[in-house]
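S.K.: Please work out how this folds:
(2 chains)
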Amino acid sequence: DAKTTQPNSMESNEEEPVHLPCNHSTISGTDYIHWYRQLPSQGPEYVIHGLTSNVNNRMASLAIAEDRKSSTLILHRATLRDAAVYYCILRTFGYNKLIFGAGTRLAVHP
Amino acid sequence: DTGVSQDPRHKITKRGQNVTFRCDPISEHNRLYWYRQTLGQGPEFLTYFQNEAQLEKSRLLSDRFSAERPKGSFSTLEIQRTEQGDSAMYLCASTDIRVNTGELFFGEGSRLTVL
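M.R.: I've put the predicted structure just below:
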């Protein structure tokens, strides 16, 4: 399974943008980049995923480097509810098992 | 609520006892996963089912652990002769591989404490 590297923790202020980085230098051509987050005392929830192009949805944006060896999850305006652990995961096409790392713990300050 | 549901949410047991967790996936989801999560760590894959067939088991799943999905709907995870190291959150997730977005839908987990 291809590996990802994320900072252990990050901090943000409420209503400011947050950029969560992820390195995946061993990504293969068939690997999708998935982001999940886990709020306290809850199971992980899907945030966004992409293959090559940048992606936007109601929760966040995903910016993927041209060489695909890194990506950034962008929360445009952090809220207190966005305080969570964010996981960057590579998923091989056709294979649904997700291998989680330790993720990035995001703290959001009022 | 049409999400993944897990039962019980919390279980406290004494070492050596058996425990069973149940997972009801989202209706029509053909694939079901079990994960284990300890404090400060990301979820660790345990096993998954395609309908009723158990297709993969992690090395983490010792012979004291058994999982079933008898009719391709709900699933159970049983731990026999529990040990303190089994204390963790057990997470269930489901997906429909026909959609193939790769999105897993997780339940809120069953927290096990072994005394």
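
S.K.: Now do the helices in chain A.
M.R.: Taking DSSP state H as the criterion, chain A contains no helices.

S.K.: What's the separation between the most centrally placed residue in chain B and A:K3?
M.R.: Of all residues in chain B, the one closest to the mean position by CA atoms, centre = their mean is B:W34, 3.2 Å from it. B:W34 sits 22 Å away from A:K3 when distances are taken as CB to CB, to the nearest Å. Where you see a C-beta, it was placed from the backbone N, CA and C, and this is true even at glycine.

S.K.: cool, B:T76 as well?
M.R.: From B:T76 over to A:K3 (counting by CB to CB), the distance is 32 Å.

S.K.: Count the residues that sit near A:R77.
M.R.: When counting by other CB atoms under 10 Å in any protein chain shown, one arrives at 11 neighbours for A:R77.

S.K.: which residue packs closest to it, ignoring adjacent ones?
M.R.: Spatial nearest neighbour of A:R77, chain neighbours left out: A:E15 (5.1 Å); criterion: CB to CB, 6 or more residues apart in numbering or on different chains.

S.K.: what's the answer for B:E52, then?
M.R.: If the residues on either side of it in the chain are set aside, B:E52 comes closest to B:G72, at 4.3 Å by CB to CB, 6+ apart.

S.K.: hang on, the one you found in a helix?
M.R.: No. Secondary structure of B:G72 (DSSP: H, G, I helix; E, B strand; the rest coil): coil, not part of a helix.

S.K.: what does chain B have sitting close to chain A?
M.R.: Of all the residues in chain B, those in contact range of chain A (CB under 8 Å from any CB of the partner chain) are B:4, B:31, B:33, B:35, B:40-45, B:48, B:56, B:91, B:93, B:95, B:97, B:100-109.

S.K.: Buried ones among those residues?
M.R.: B:4, B:31, B:33, B:35, B:42-45, B:48, B:91, B:93, B:95, B:102-109 (16 or more other CB atoms under 10 Å in any protein chain shown).
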